[in-house]
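1. requesting a structural model of the entry that follows:
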Amino acid sequence: MYALEMIDITKTFGQVIADNRVTFRVSTGEIHALIGENGAGKTTLMNILYGMFQPDSGEIRLQDKSVIIHNPTEAIRLGIGMVHQHFMLVPSLTVIENIILGNVPTRLGFIDRRRAINKIEEINDQYDLVQNLNKKIYELSVGEMQRVEILKALYRGAKVFILDEPTAVLTPQQTIELFKIFKSLVQDGRTIIFITHKLKEVLAISDRITVMRNGVVTGEVETKSTSENTLARLMVGRDVVLKVDKTIAKVHEDVLTVRNLNANNNRGMPALKNLSFSLRRGEILGIAGVDGNGQTELVEVLTGLRKPTSGTIDYSGLDLHNMPIRKRRDHGVSHIPADRIHMGIEVSCTLEENLIINTYYKSPIAHGIFLSKKQVEEYSKELLLRSNVSAVSTRQMTSSLSGGNMQKLIVGREIEHQPNLLIASQPTRGVDVGAIEYIHKKLIKLRDQGSAILLISTELDEILSLSDRIIAIYEGEFCGEFCGGQVLEEKLGLAMLGAGR
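-> Predicted structure coming up:
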């Protein structure tokens, strides 16, 4: 008997068919991976299971019993728990307060806090999830926050766990610890649905794998009988080059020299602490670290979005310290931001408007204060073609693009004029294997043409395969420099946890 069955599920949004007669079955006590490209329909399917969407047609069965899940409250009551990629926790509350929030036991009309604490402690002792239940959430690491989410789901009686990209912000060591928790849960008869794009992890931890593409299931395989290349082919519909093919970097003079750089975060606390490094023409320097350790502040300082408190930034003989953003761009500095929706593009504008954002004031697009519509259209068409963006028209709304196409648009726009310095922050975040392959090839080609690339990524595979040199960052400090391609993933993961500080 299956733990759950979703039979012939169809869901449409206007003219878009997100899920088309999808059947998805998971057995009790298994780790089942659900993978697919952006827009494949997997997130919509799981949101239906968790009661966030209602299917247009189809049936959901739990333990062979047909159910209708109207909302997440009903899903929780039925034993379904979901750990979202972006944690649903209140930073100013303690671990215990977050767990009982919205599910507080009462006795004689009063909150029975002791009963709640006893239950939480009993679960926590069984799985060894959280060290200190009285800590505030903002005092925890990312890995600890994720454990709180799992503990919260267990407290609410979850038998089926949906985990959306659970390792996206974890170090290798934290990922290993999380997988140990997975195994403990399934040994106790619980079921895990694991949504991810990391094929190595899928093969390492899952029992079975369901692959989706364009709203339909393209394959269901036993993990032990498949491979990364087979899964990638099922996801994309063609063979994908998963290994980055590159030659040894031919480095030249320094393009960027940073000395004793300090900067505060938005709360006025030190975020960068005496950072010093150099970046040469013709190389990729990777900055490896768990999110929230100063990477955002470093990127914002280098791109002119944040003022440093002290230190120097030399860019090919120019002082970047007080240089306006447009002037930096005019001098060959480009930026692929980590947050494409809020920083990289304006989704309410057309593709043309987003593509000319760096050149709208330059000839031949601009004639004085006027734009040449013909030049804008021709430039945009050529750039879309070169960037491999699937679009119907240059004047369609950017919001109509998939996440992968949005990212390719940004990458294509930022490397179009071969910048001297490219700051690439999470360049493949949230995109599928096909788009990752494309973006990686573009970055290597740009490096080989003589550009200097500063790569900031939480994806260790990406850092290790693309970087010529790697620096680990922890709590705003550099904790070791390594030669790309020669450092063990475990050693780099330890440095990301501050081991070399």
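
2. on the three-state scheme, Val258 is what?
-> strand (DSSP: H, G, I helix; E, B strand; the rest coil).

3. what about it, distance to Leu279?
-> Distance, Val258 to Leu279, using C-beta to C-beta, to the nearest Å: 8 Å. (Each C-beta comes from the backbone N, C-alpha and C, glycine too.)

4. so what does the helix or strand Gly143 falls within touch, helix or strand wise?
-> If you go by DSSP states H and E, Gly143 is part of helix 142-155. Secondary-structure packing of helix 142-155 (3 or more C-beta pairs under 8 Å, 6 or more residues apart in numbering; DSSP states H and E): strand 80-83, helix 95-100, helix 113-127, helix 172-187.

5. what's that helix in contact with?
-> Helix 142-155 is contacted by residues 81-84, 87-89, 95, 98-100, 103, 119-120, 123-124, 127, 129-131, 137, 140, 161, 166, 169-171, 174, 177-178, 181, 290-292 when judged by C-beta atoms under 8 Å, 6 or more residues apart in numbering.

6. swap in stretch 101-113?
-> Applying C-beta under 8 Å, 6+ apart, the set of residues contacting stretch 101-113 is Val90, Leu93, Ile100, Arg115, Ala116, Lys119, Tyr155, Arg156.

7. any idea of the mean pLDDT in it?
-> Taken as a whole, stretch 101-113 has an average pLDDT of 77.

8. please apply the same query to stretch 144-164.
-> 91.

9. could you look up the SS state of Gln85?
-> Three-state assignment for Gln85 (three-state DSSP): coil.

10. next one: it from Arg429, what distance?
-> 11 Å.

11. how about Ile209?
-> As judged by C-beta to C-beta, Ile209 and Arg429 stand 22 Å apart.

12. who has more neighbours out of the two?
-> Higher neighbour count among Ile209 and Arg429: Ile209, with 23 against 18, using other C-beta atoms under 10 Å.

13. the contacts of helix 142-155, buried ones only, as a PyMOL selection?
-> Restricted to buried positions by 16 or more other C-beta atoms under 10 Å, the PyMOL selection for the contacts of helix 142-155 reads:
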select buried, resi 81+82+83+87+89+95+98+99+100+120+123+124+127+129+130+137+140+161+166+169+170+171+174+177+178+181+290
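
14. low-confidence bits of the stretch 151-300 of the chain, can you list those?
-> The stretch 151-300 of the chain contains residues with pLDDT under 70 at 169, 241-242.

15. can you give me the strands in it?
-> Taking DSSP state E, counting those that start in this stretch as the criterion, the stretch 151-300 of the chain carries its strands at 160-164, 191-195, 208-213, 216-222, 254-264, 270-280, 284-288.

16. closest to Tyr361 out of those?
-> Proximity to Tyr361 (C-beta to C-beta) singles out strand 254-264 among the strands of the stretch 151-300 of the chain, at 25.0 Å.

17. for Glu5, the count of nearby residues, please.
-> 17.

18. that's a strand at it, yeah?
-> Yes: assessed with three-state DSSP, Glu5 lies in a strand.

19. count the residues that sit near the closest residue to it other than its chain neighbours.
-> Spatial nearest neighbour of Glu5, excluding adjacent residues (C-beta to C-beta, 6 or more residues apart in numbering): Arg61 at 4.3 Å. Number of residues near Arg61 (other C-beta under 10 Å) recorded here: 16.

20. Ile68: what's its closest spatial neighbour, skipping adjacent residues?
-> Ile60 (7.3 Å).

21. got a list of what that neighbour touches?
-> Leu4, Glu5, Met6, Ile7, Ile9, Ile48, Leu49, Ser66, Val67, Ile68, Ile69.

22. what pLDDT does Arg501 get?
-> 67.

23. can you list the contacts of Ile60 in CSV and add pLDDT and distance to His342?
-> Listed next are the contacts of Ile60 as CSV, based on pLDDT from 0 to 100; distance: C-beta to C-beta, whole Å:
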residue, pLDDT, distance to His342
Leu4, 94, 35
Glu5, 95, 38
Met6, 96, 33
Ile7, 96, 38
Ile9, 96, 32
Ile48, 95, 27
Leu49, 95, 29
Ser66, 95, 41
Val67, 95, 37
Ile68, 94, 36
Ile69, 95, 32
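
24. please pick the buried ones from the residues you listed.
-> Applying 16+ other C-beta under 10 Å to the contacts of Ile60, the neighbour count classes Leu4, Glu5, Met6, Ile9, Ile48, Leu49, Ile69 as buried.

25. for the nearest residue to Gly294 once chain neighbours are set aside, give me its contacts.
-> Distances taken as C-beta to C-beta, 6+ apart place Gly476 nearest to Gly294, at 3.8 Å, with adjacent residues excluded. Listed by C-beta under 8 Å, 6+ apart, the contact set of Gly476 reads Pro270, Ala271, Leu272, Lys273, Leu275, Asn293, Gly294, Glu297.

26. ok, now Leu261?
-> Leu272, Asn274, Leu275, Ser276, Leu298, Val301, Pro308, Ser310, Gly311, Thr312, Ile313.

27. can you list phi and psi of the most far-flung residue of the chain relative to its centre for me?
-> Note on the chain: the largest C-alpha distance from the chain mean falls to Leu108, namely 45.8 Å (C-alpha atoms, centre = their mean). Dihedral pair for Leu108: phi 60, psi 40, per degrees, to the nearest 10.

28. how close does it sit to Tyr438?
-> Going from Leu108 to Tyr438 by C-beta to C-beta gives 63 Å.

29. one more: Leu454?
-> Taking C-beta to C-beta, one finds Leu454 at 20 Å from Tyr438.

30. got it, and His367?
-> 34 Å.

31. which of the two has more neighbours?
-> The neighbour comparison of His367 against Tyr438 (other C-beta under 10 Å) goes to Tyr438, with 19 against 10.

32. name the nearest residue to the more buried one, sequence neighbours excluded.
-> Nearest one to Tyr438, counting by C-beta to C-beta, 6+ apart, is Asn388 at 5.7 Å.

33. what does the model give the closest residue to Ile436 other than its chain neighbours for pLDDT?
-> Spatial nearest neighbour of Ile436, excluding adjacent residues (C-beta to C-beta, 6+ apart): Thr428 at 4.6 Å. Note on Thr428: pLDDT of 88.

34. quick one: residues contacting Thr428.
-> With C-beta under 8 Å, 6+ apart, Thr428 has these contacts: Gln407, Ala435, Ile436, Ile439, His440, Ser457, Glu459, Glu462.

35. repeat for Ser380
-> Ser380 makes contacts with Leu351, Glu352, Leu355, Ile356, Thr394, as judged by C-beta under 8 Å, 6+ apart.

36. three-state assignment of Lys441?
-> Strictly by three-state DSSP, Lys441 counts as helix.

37. any idea how far it lies from Pro427?
-> For Lys441 relative to Pro427 (C-beta to C-beta), the value is 12 Å.

38. tell me which of the two has more neighbours.
-> More crowded of Lys441 and Pro427, by other C-beta under 10 Å: Pro427, with 28 against 14.
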